[in-house]
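Engineer: Just need the structure, nothing else, for what follows:
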Amino acid sequence: MGLMKINKWYSQLFLAVFLVSSSLSSQSISAIPEVEALLAKMTLEEKIGQLNLLTPGGGAATGAVVSKNVEAKIKAGQVGGLFGVAGPKKVRQAQEMAVHHSRLKIPLLIGSDVIHGYKTTYPLPLGLSCSWDMALIQKAARMAASEATADGIMWNFSPMVDIARDARWGRIAEGAGEDPYLGSAIAKAMVTGYQGKDLKASNTMLACVKHFALYGASEAGRDYHSVDMSKIKMFNQYLPPYKAAVDAGVASVMTSFNDVHGVPATGNKWLLNTLLRERWDFEGFVVSDYTSLNEMIAHGLGDLQAVSKLALKAGLDMDMVGEGFLTTLSKSVKEGKVSEAEVTQACRRVLHAKYQAGLFEDPFRYLDADRPEKEILTPKNRALARKLATRSFVLLKNHANILPIKKTTKIALLGPLADSRNNMLGTWAPTGNPEFAVTVLEGFKNVAPQATLLYAKGANISDDTDFAKKVNVFGPRIQIEKRSSDALLQEALEVAEKADVIVAVIGEATEMSGEAASRTDISIPESQKKLIRALVATSKPVALVLMSGRPLTIPEEFDLPVAILQVWHPGVEAGNAIADVVFGDYNPAGKLTATWPRNVGQIPIYHSIKNTGRPAPEGNFEKFKSNYLDVPNTPLLPFGYGLSYTTFEYSDLILEKNEIGHGERLELTVKLTNTGNFDGEEIVQLYLRDVVRSITPPKRELKGFQKVFLKKGEQKKVVLTLKPEDLKFYNGDLNFVSEPGEFEVFVGTNSDCSLKKTFTLK
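Structural biologist: Numbering: from 1, shown residues only. Next up is the predicted model:
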């Protein structure tokens, strides 16, 4: 059947509008005549088929199970969507099976994990969040959507918006860090970037916010682990980014692996129906994470039929890979354990998404064979990826202004990550190709061709062979040399002796963070510590370029006389971007979005902590106060921290008025001066403290920020505005309210800023 005949068939079908009233009013969605007409023609088995999401394998692995007999199931109408398939030719083959060979010719949703860029990978999400630049983040998501849809993908399992305050958890790399205010702004920017203004446009894609909910609070920082928290903490600190995505119109939601109030998220009716659909008015569809439906068996909720029934009744619409719906729901309907109306409602939501994506009008709208070459990995896209990377870097320390380095310098470029192409893209880049990545060595040659570069590896990322095997599941990330570690170190020292300055590129291999990559020791591996100590002992200037997918514990390195530039894993343009900053073509302005602890014993640690009844005095140990015996309470590096090659001074904080009424905005101004020798950007941050309220308040919460560019010597008045909702919180009854009383406003360069004013809410 040709495309014209398919479109004619759909047109004739949709003329027969059949509106089906649903008894599930609490889960109702806007009726679409075309969808209702199609539902009226479907058998129970065909409806169940639309709830089945499979992966045929052959692509980048994103889970432990691969679906079987996929082609036969598509033709039998037993598949609603696929992932792990890409490219116009391959996607067309799959789509043709559905629209040519299944009875009702319902097209497939084609999904993928496009987490930080498609082929043109950019910094992993935690790094990108450190730009604090919503316009740039939205632009990044827009580029990712354009590339992915050029390869036939119209559904993205992103953004991941889980609040994470435990750096041991490897998936902290995939989110925006610890703060709900910033996380909400980023969630909105990413959803808007992916979905654009028209989901039927061939360069936009359905977004899927994940992981709903609370996944970032897994106990002990261990992946897939249990979560237990109060609803007050949940509503005030962990749920806001998910809600921001819903409010931005996100098309789908993915459930998390963890339990919520003792019930796994994939089968949690309070979470998926009461909260998501009734309270938040979400009208999209809900998909499980990879086999999370089946995993409810191991949680202790029953056999496959029991957990499938539980999930459907809770509000799950699509089962990823597990096939619990496919193999048990028909039996459950016959036994009266599940109603066909419940199956129909889930199917309706999946079909609604396909209608939104324009698949019923043209099942092949995303399959233009000419697009990949024109739109993927273009020079323009690579230029954006390079810019995104430079904006994500955070200057943690700059002893004696070692950075930036002059382009005519004789440089010893050392370290296991200095020429490691396989470690540039970062974790969760299944659609990227490391072969296209620019190494740091290549980047230095590109940006500073007149510099004298001397290279040596100096150390393995780790000398632990058992650890390396666990990290190298997706390929060689930690490569242990046949030469001894002493030989590697000696070579590096010989190279360093010939140079004027040393740049050591060290840190984590790509898969030392990410999914199933939790660590109890988040320090730099000892093999690299030895290299760093030896390089500092040469008394030559040393700059550390630090790569990781999480905050690290670096108190030893931070105390050394070095510069430290945190670059995360920057993506396909890694080497060029790092060189841009090291050589001063761009002045770093990134700010940390997750607190860096002194050691893992401080975890969880974050800026919006509460006072206890026995708060520790500033800077002094006092018995019977909330102290540690061995380290201060304060982190090594606070939330919002980040240096620049220049310096900034804050002064003259002025509030528009000292008293406001409910519903009123409050404008404030602060004078910002660039007091250093470089032009640069500063992220001005506003924090708020509710002094007295009905539930214990945090010490301070982020409630505003603005990125400001100043030339050296320039001065500017920065205007920030507190909106009425910025003063609100969820009280003991989970009502979103503000309460009259005194508030303190803090403005400055990070969450420890001291410039303060007070005002009263009448």
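Engineer: burial of D319, as a residue count?
Structural biologist: 29 (other C-beta atoms under 10 Å). (Glycine included, C-beta is placed from N, CA and C.)
Engineer: what's the helix or strand for it?
Structural biologist: Under DSSP states H and E, the secondary-structure element containing D319 is strand 319-320.
Engineer: now that strand, how far from the chain's geometric center?
Structural biologist: Centre-to-centre, strand 319-320 and its host chain are 21 Å apart (C-alpha atoms, centre = their mean, to the nearest Å).
Engineer: Run through the neighbouring helices and strands of it.
Structural biologist: strand 52-54 (3 or more C-beta pairs under 8 Å, 6 or more residues apart in numbering; DSSP states H and E).
Engineer: Note down every partner strand of the strand it packs on and its orientation.
Structural biologist: When pairing is defined by DSSP bridges, strand 52-54 lines up against strand 81-83 (parallel), strand 319-320 (parallel).
Engineer: what about those, which gets the closest to V440?
Structural biologist: For these, the distance to V440 is smallest for strand 81-83, at 32.8 Å, taking C-beta to C-beta.
Engineer: hmm, back to that, continuing past the strand holding D319, what's the next helix or strand?
Structural biologist: The first helix or strand that comes after strand 319-320 along the chain, using DSSP H and E, is helix 324-334.
Engineer: residues in contact with that following helix?
Structural biologist: Contacts of helix 324-334 from elsewhere in the structure, counted by C-beta atoms under 8 Å, 6 or more residues apart in numbering, are 44-45, 48-49, 51-52, 73, 78, 293-294, 304-305, 307-309, 311-312, 319, 338-340, 343.
Engineer: switch to 7 Å and redo it
Structural biologist: Contacts with helix 324-334, where a contact means C-beta atoms under 7 Å, 6 or more residues apart in numbering, come from 44-45, 48-49, 51-52, 78, 293-294, 304-305, 307-309, 312, 319, 338-340, 343.
Engineer: Buried ones among the residues you listed?
Structural biologist: Among those, those scoring as buried are 48-49, 51-52, 78, 293-294, 304-305, 307-309, 312, 319, 338, 343 (criterion: 16 or more other C-beta atoms under 10 Å).
Engineer: Among these, which are located in helices?
Structural biologist: In this view, the buried ones among the contacts of helix 324-334 that belong to helices under DSSP state H are I48, G49, L304, Q305, V307, S308, K309, L312, V343.
Engineer: List the residues that contact the closest residue to the last one other than its chain neighbours.
Structural biologist: Sequence neighbours aside, K47 is the residue nearest to V343 in space, at 5.1 Å (criterion: C-beta to C-beta, 6 or more residues apart in numbering). When contacts are counted by C-beta under 7 Å, 6+ apart, K47 is found next to V343, T344, C347.
Engineer: would you list these in CSV and tack on distance to S651 and pLDDT?
Structural biologist: Converted to CSV, the contacts of K47 look like this (distance: C-beta to C-beta, whole Å; pLDDT from 0 to 100):
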residue, distance to S651, pLDDT
V343, 64, 98
T344, 64, 98
C347, 61, 98
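Engineer: closest to K200 among those?
Structural biologist: The shortest distance between K200 and any of the contacts of K47, using C-beta to C-beta, involves C347 and amounts to 20.8 Å.
Engineer: separation between that closest one and P107?
Structural biologist: Applying C-beta to C-beta, to the nearest Å, one obtains 14 Å for the distance of C347 from P107.
Engineer: Neighbours of the nearest residue to N52 once chain neighbours are set aside, how many?
Structural biologist: With C-beta to C-beta, 6+ apart as the criterion, N52 has its nearest non-adjacent residue at 4.7 Å, and that residue is L326. Around L326 sit 20 other residues, with neighbours defined as other C-beta under 10 Å.
Engineer: gap between L326 and L293?
Structural biologist: Going from L326 to L293 by C-beta to C-beta gives 11 Å.
Engineer: What of K406?
Structural biologist: For K406, the distance to L293 - C-beta to C-beta - is 58 Å.
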